[in-house]
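Student: can't give you the sequence, but here's the structure:
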């Protein structure tokens, strides 16, 4: 599948959460999103000013407060989510696995709020170390580690090969789309 075919396919199926999406289809669409954001960030900087480009050893960072890049990112939320959902299906997993980091963060924040771990006043008076003592603190620490690693787990799942043959979410891709 070519870059343009992948972008067309993902935009055509922008709210289709059923079926399967091959690795090239998903990753070309992600590349389209990244390149579009960079390009529109530069255009924002030229048209609206306030663009900031920082370079360092081995890194380039650009930021802008212009509207074009923000609108582009908002328009790509649903297509990117649906393509990722279908990519999970293609690797033999439920699309819900794509939401794992969000679920982990919500669960950890809820638990931290429940034990008082996010109380700013308590942290200032008792110190941050007091929040991590005892069993509740140990559970919170483990939950925070899970939150930190959960995006990498999802990224790993998104890079897995296509499940051969038909699965619960549809038939296998044939021809150029599977290559």
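Tutor: Right, received. Where do you want to start? Small disclaimer: the values here were computed from a predicted structure and weren't measured. Residues are numbered from 1 along each chain as shown.

Student: Was I right to think residue 139 contacts residue 114?
Tutor: No: between residue 139 and residue 114 there is no contact under Cβ atoms under 8 Å: 10.6 Å. C-beta: built from backbone N, CA, C; applies to glycine.

Student: Looking at these two, which has the bigger crowd around it?
Tutor: residue 139 (14 against 11; other Cβ atoms under 10 Å).

Student: How about that one: what's its closest non-neighbour residue?
Tutor: Counting by Cβ to Cβ, 6 or more residues apart in numbering, residue 139 lies nearest to residue 111, which is 7.2 Å off, once chain neighbours are set aside.

Student: ok, which stretches of this protein are helices?
Tutor: For the chain, applying DSSP state H gives helices covering 3-12, 23-48, 67-75, 77-90, 100-115, 120-126, 134-158.

Student: Among these, show me which one is buried the most.
Tutor: When you average the neighbours per residue for each of the helices of the chain (mean count of other Cβ atoms under 10 Å), helix 77-90 leads with a mean of 21.

Student: measure the closest residue to residue 11 other than its chain neighbours to residue 17 for me?
Tutor: In this structure, residue 11 finds its nearest non-sequential neighbour in residue 79, 5.8 Å apart by Cβ to Cβ, 6+ apart. Distance of residue 79 to residue 17, given as Cβ to Cβ, to the nearest Å: 11 Å.

Student: In this protein, which residue is most central in space?
Tutor: residue 151 (7.2 Å; Cα atoms, centre = their mean).

Student: How about that residue, nearest residue that isn't a chain neighbour?
Tutor: Nearest one to residue 151, counting by Cβ to Cβ, 6+ apart, is residue 101 at 4.8 Å.

Student: I figured that neighbour hits residue 148, correct?
Tutor: No: Residue 101 is beyond contact range of residue 148, at 9.6 Å (criterion: Cβ under 8 Å).

Student: Excluding covalently adjacent residues, which one is nearest to residue 86?
Tutor: In space, not counting the residues next to it along the chain, residue 86 is nearest to residue 21; the distance is 3.7 Å by Cβ to Cβ, 6+ apart.

Student: That'll do, ta.
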